[in-house]
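1. task: produce atomic coordinates for the following.
(one chain, ligands or ions: 2)
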Amino acid sequence: MGNPLYDRLFGIHAGKQTPFLHLPDGRKLTHADFLDTAARIANALTGMELEPGDRVAVQVEKSPEALALYAACVQAGLIFLPLNTGYTTQELSYFIENSGATMVVCDAAVEARLTPLAQAQNARLETLNADGSGSLMRRSLGMLPAFEPVRRSEDDLAAFLYTSGTTGRSKGAMLTQANLLSNAETLVQEWRFTEDDVLLHALPIFHTHGLFVATNVVLASGGSMIFLPRFDLDDMLRLMPRVTTMMGVPTFYTRLLSDDRFSRDLSQHMRLFVSGSAPLLADTHEQFEARTGHRILERYGMTETNMNTSNPYDGERRAGTVGLPLPDVELKVTDPETGDTLPEGEIGMIEVRGPNVFQGYWQMPEKTAAELREDGFFITGDLGRVDADGYVHIIGRGKDLIISGGYNIYPKEIELLLDEQPGVLESAVIGVPHPDFGETVVGILVPEPGETPDIATIESAVGQALARFKHPRRLILLDELPRNTMGKVQKNVLRDSYKDLFAQG
Ligand code: MCA
Ligand code: AMP
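-> Ligands and ions are numbered 1, 2, ... in the order given. The predicted structure is shown next:
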């Protein structure tokens with residue numbers, strides 16, 4: 001039985017002296033170097049009495065060691081739980097408690113703040129810093145660079161990724177080895193990745209896109225990546241001549257296009273540009289082709305499902321669509337009220353089923369039942385249609401969600417906080433178009449009678465509670481919210497009123 005995820009992503013590279021990670025400072029790590037580090041960490045983790053199935057909550061900066069920690073967890077049968085580096089202590093406290101993590105790994109800079117949270121949970125706390133230092137690595141250095149992978153089956157859980165919801169409470173999506181492996185191997189085939197590929201990796205590694213798409217595809221194909229700590233336009237332009245492929249959110253593409261140095265010459269040798277996590281405007285697609293001659297390949301996925309659809313590598317990459325269902329992924333469009341399948345071409349709820357679909361939300365059977373049907377179809381919350389050639393068009397969202405620069409923001413979470421603020425009667429949070437982030441957050445506040453809420457105080461409370469990317473970029477006072485005859489807030493009316501707030505020019 002072995003450990004399929006470890007064997008097929010990592011184990012296949014044992015002893016290979018070919019590069020895996022190229023770092024911006026010129027350092028290179030071979031596959032063998034990387035696996036040695038991972039094995040040492042796996043020994044350190046099991047030495048601290050972590051057992052297979054335990055959750056390891058990880059909020060650390062992107063580094064080769066952070067990636068090795070992922071490999072170590074897979075090898076040791078631990079459930080890897082990566083967390084956005086922007087999350088505040090308050091946000092982290094929920095994830096640590098809800099997941100029942102037995103280990104928390106964080107940057108030394110936040111150790112003092114997180115220690116009480118870990119203690120409350122009886123979890124151990126270790127540090128791992130951006131430069132690879134910290135207590136976890138100190139322990140690991142004394143360990144052997146070999147570790148016999150813990151036996152696991154494809155049905156065993158490999159990762160939890162938290163995803164917020166329309167009720168404001170985050171849910172831990174449980175992903176098995178098979179979920180991750182099937183998707184990685186499919187994408188290698190579909191996107192023709194080989195060991196000759198070098199990927200420009202500037203995405204964070206705490207989300208599906210940077211970890212389970214970009215990294216797993218490189219691992220499964222035996223290629224390498226230039227591993228940047230974050231997106232930096234100058235670095236991207238400087239390093240593009242050295243790579244064959246790039247994956248990014250639409251903001252990566254609009255930022256590249258905003259710079260005249262990004263030219264046909266600079267990108268001519270590239271094999272593939274992939275976009276996802278948020279809608280790529282047809283306009284961006286067209287501008288990109290006009291500038292570079294390349295058609296961006298857009299695909300569609302979710303935390304709960306990894307990737308569902310992709311435009312074809314060889315066939316037509318159709319702007320404004322997310323392409324065709326991936327092999328083994330079934331996709332249907334249903335009536336949101338009845339769940340009945342709609343005729344071809346009609347707009348409805350997108351549902352997907354396949355080996356990529358998660359197992360449910362950790363300890364939330366009702367929420368799981370509401371979104372994951374007994375027959376295995378997952379109700380995505382995205383509205384779309386399938387055209388006569390089978391291409392999937394995402395038309396809108398049935399869920400109240402804002403996607404800013406590829407990060408998902410659920411208005412409810414922010415509204416609950418705004419509603420509690422002094423002088424605020426109620427609030428509505430909406431997404432409006434933004435030239436850089438695609439969409440950005442705006443909060444509408446209705447004051448209590450006779451009150452004038454203090455915006456600076458509210459901003460400070462938001463800053464304490466929520467990650468920076470969730471902060472409303474504008475708070476607006478309004479006498480009342482527009483409502484329909486049923487009393488429901490008409491967010492579409494608000495979105496329309498404020499659609500030009502961040503318009504360019
Ligand atoms: C940073 N800030 C943001 C965002 N990122 N605010 C809103 N939305 C964001 N996405 C804040 C910064 O803290 C900063 O705050 C200010 O905005 C401007 O920062 P800037 O330097 O412009 O930002 P950046 O560091 O360059 O980051 C922008 C980014 C980054 C490169 C677009 O957000 C990013 O890498 N996004 C990718 C997210 C991703 O991987 N999503 C995949 C999720 P201040 O003004 O206080 O300094 S997985 C997924 O969605 C599914 C499964 C899928 O299909 O892939
Ligand atoms: P997440 O919660 O990070 O898993 O985000 C998943 C959501 O991102 C999906 O349900 C879609 O709404 C959105 N999404 C991902 N890829 C695309 C895409 N290519 N076009 C439009 N929306 C996308």
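
2. and the helices in the stretch 251-400 of the chain, which stretches?
-> Counting by DSSP state H, counting those that start in this stretch, residue ranges of the helices within the stretch 251-400 of the chain are 264-267, 282-292, 365-371.

3. now do the phi/psi pair for the closest residue to ligand 1 within the chain.
-> Among the residues of the chain, residue 405 lies closest to ligand 1, at 2.4 Å counting by CB to the nearest ligand atom. Where C-beta positions appear, they are placed from N, C-alpha and C, glycine not excepted. Main-chain dihedrals, residue 405, degrees, to the nearest 10: phi 50, psi 30.

4. now it: how far from residue 414?
-> Look at residue 405 and residue 414: by CB to CB, to the nearest Å, they are 16 Å apart.

5. which one of the two is surrounded by more residues?
-> With neighbours defined as other CB atoms under 10 Å, residue 405 and residue 414 compare such that residue 414 has more, 23 against 20.

6. skipping adjacent residues, who's closest to that one in space?
-> With CB to CB, 6 or more residues apart in numbering as the criterion, residue 414 has its nearest non-adjacent residue at 4.5 Å, and that residue is residue 429.

7. quickly find the element holding that neighbour.
-> If you go by DSSP states H and E, residue 429 is part of strand 424-434.

8. quick check: mean pLDDT across that strand?
-> Taken as a whole, strand 424-434 has an average pLDDT of 97.

9. other SSEs contacting it?
-> Other helices and strands packing on strand 424-434, by 3 or more CB pairs under 8 Å, 6 or more residues apart in numbering; DSSP states H and E, are strand 402-404, helix 411-419, strand 438-447, helix 491-497.

10. touching ligand 2 at all, stretch 209-226?
-> No. Using CB under 6 Å from any ligand atom, we find that stretch 209-226 stays clear of ligand 2, coming within 7.7 Å at best.

11. is that stretch up against ligand 1 anywhere?
-> Yes. Judged by CB under 6 Å from any ligand atom, stretch 209-226 comes into contact with ligand 1 at 209, 210.

12. residue farthest from the centroid of this structure?
-> Distance from the C-alpha centroid of the chain, by CA atoms, centre = their mean, peaks at residue 450 (42.8 Å).

13. give me the neighbour count for the residue nearest to residue 246 when sequence neighbours are not counted.
-> Spatially, and ignoring its direct neighbours in sequence, residue 246 is nearest to residue 200 (4.3 Å; CB to CB, 6+ apart). Neighbours of residue 200 under the rule other CB under 10 Å: 26.

14. just residue 339 next, same as before
-> Counted with other CB under 10 Å, residue 339 comes out at 14.

15. which residues touch it?
-> residue 373 (CB atoms under 8 Å, 6 or more residues apart in numbering).

16. so how far is residue 345 from it?
-> 19 Å.

17. go on, residue 145?
-> Distance of residue 145 to residue 345, computed by CB to CB: 57 Å.

18. one more: residue 106?
-> The spacing between residue 106 and residue 345, counted by CB to CB, is 49 Å.

19. and the two? which has more neighbours close in?
-> Ranked by neighbour count (other CB under 10 Å), residue 106 and residue 345 place residue 106 first, with 26 against 11.

20. from memory that one sits against residue 61, does it?
-> No. In this structure residue 106 lies outside contact range of residue 61 using CB atoms under 8 Å: 10.1 Å.

21. right, and ligand 2 sits closest to which residue of this protein?
-> Closest point on the chain to ligand 2, by CB to the nearest ligand atom, is residue 303, at 3.3 Å.

22. just to check, residue 60 is in contact with residue 66?
-> Yes. Residue 60 is within contact range of residue 66, at 4.8 Å (criterion: CB under 8 Å).

23. which residues do these two both contact?
-> Common neighbours of residue 60 and residue 66 (CB under 8 Å, 6+ apart) are residue 128.

24. beta partners of residue 396?
-> Judged by DSSP bridges, the bridge partners of residue 396 are residue 383.
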